[in-house]
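[1] what would the 3D arrangement of this be:
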Amino acid sequence: MSNAPIPTPHISAKANDFAKTVLMPGDPLRAKYIADTYLEQPKQVTAVRNMLGYTGTYKGKEISVMGSGMGIPSIGIYSYELFHFYDVDNIIRIGSAGGLQDHLKLMDVVVAMGACTNSNYAAQYGLPGTFAPTADYGLMSRAIEAAKAQGTNVVVGNVLSSDVFYNADKNANDLWKSMGVLAVEMEAAALYMNAAKAGKKALCLLTISDHIYTGEELSAEDRQLGFGKMMEIALELA
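    The predicted structure follows:
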């Protein structure tokens, strides 16, 4: 664990308030929903800027859940502080994504084996080339097995972590789709890079909340409360 001061500027928890494994939905209200619905004896451990975080147990194993906010800068801060200052070993992002490929349907669960990005996040490392952000294989394989046991088919592959939601380049989605990228989200690449640099483990599970090409989309309530299969897969990784 780092000697940096705790609480950190962005997390008000004390040392040892977080479990070794933290689930990170983007929406802090989804974190509260998970804690209230699935965790035994959940305790709120942080609420700075209403980015809610909780620790409890699931099937007798300690686990935490905390919101990450939207975008690479936000999850970059929170995951860095969890890995470096709170001695967290595993972070599993559980979020929503926009489908790119034709075979993806609303509510499909995607396992992000790799995370392409249009972000400049990796520039800070000064690498002599292009870094490929990837999931931890152990977490990924366990998630796939948990999905099989649940009876849920998952789609495994590359996603795009985009810095841009309203993109001025109208050809961008077509180009990523042509490379087999499954879906677009906004956080996984930074999480994977932070984990790699810290020597920790990370995984991103996504539920398709809308489709870029068909225009189908879930309601805000469904996004907040309707991702049960994905949540339950992630909880099994405690």
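
[2] just give the closest residue to the spatially most central residue of the chain, not the sequence neighbours.
    Nearest to the geometric centre of the chain sits R93, at 1.7 Å (C-alpha atoms, centre = their mean). Once flanking residues are discounted, R93 sits nearest to C204: 4.2 Å by C-beta to C-beta, 6 or more residues apart in numbering. (Glycine included, C-beta is placed from N, CA and C.)

[3] poorly predicted segments of the protein, please.
    Across the chain, the ranges flagged by pLDDT under 70 are 1-4, 224-226.

[4] for it, what spans make up the strands?
    Shown for the chain, the strands assigned by DSSP state E span residues 21-24, 40-46, 53-58, 61-66, 90-99, 109-117, 154-161, 183-185, 201-211.

[5] what's the closest non-adjacent residue to I77?
    According to C-beta to C-beta, 6+ apart, the nearest residue to I77 is H10 (5.6 Å).

[6] oh, I was asking about D36
    Distances taken as C-beta to C-beta, 6+ apart place P42 nearest to D36, at 6.9 Å, with adjacent residues excluded.

[7] pretty sure A198 contacts H84?
    Yes - look at A198 against H84 with C-beta atoms under 8 Å: they come within range, at 6.1 Å.

[8] number of residues surrounding the residue nearest to I77?
    16 (other C-beta atoms under 10 Å).

[9] what do you get for the one 10 residues further on?
    When neighbours are counted by other C-beta under 10 Å, K20 registers 16.

[10] where along the chain do the helices fall?
    Assigned by DSSP state H, the helices in the chain fall at 28-38, 72-85, 137-150, 172-178, 188-198, 220-225, 228-235.

[11] among those helices, which comes closest to V164?
    V164 lies closest to helix 172-178 among the helices of the chain, at 7.9 Å (C-beta to C-beta).

[12] alpha carbons only: can I get that closest one in PDB?
    Only the C-alpha atoms of helix 172-178 are listed here, as PDB (Å, rounded to 0.1, in the frame of the first residue of the first chain):
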ATOM      1  CA  ALA A 172     -15.500   6.900 -36.900                       C
ATOM      2  CA  ASN A 173     -18.100   4.200 -36.000                       C
ATOM      3  CA  ASP A 174     -18.000   2.600 -39.400                       C
ATOM      4  CA  LEU A 175     -14.200   2.400 -39.200                       C
ATOM      5  CA  TRP A 176     -14.100   0.700 -35.800                       C
ATOM      6  CA  LYS A 177     -17.000  -1.600 -36.800                       C
ATOM      7  CA  SER A 178     -14.900  -2.700 -39.900                       C
END
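
[13] can you give me the buried ones in it?
    Buried residues in helix 172-178, counted by 16 or more other C-beta atoms under 10 Å: N173, W176, K177.

[14] between these, which sits nearest Y58?
    Of all these, W176 has the smallest distance to Y58: 34.9 Å, by C-beta to C-beta.

[15] do I have it right that the closest one meets L160?
    Yes - using C-beta under 8 Å, W176 is in contact with L160, at 5.2 Å.

[16] give me the distance between the residue lying closest to I6 once chain neighbours are set aside and K229.
    Among residues not flanking I6 along the chain, A15 sits closest, at 5.3 Å (C-beta to C-beta, 6+ apart). Going from A15 to K229 by C-beta to C-beta, to the nearest Å gives 34 Å.

[17] and these two? Which one has more around it.
    Set A15 next to K229 and count neighbours by other C-beta under 10 Å: K229 wins out with 18 against 11.
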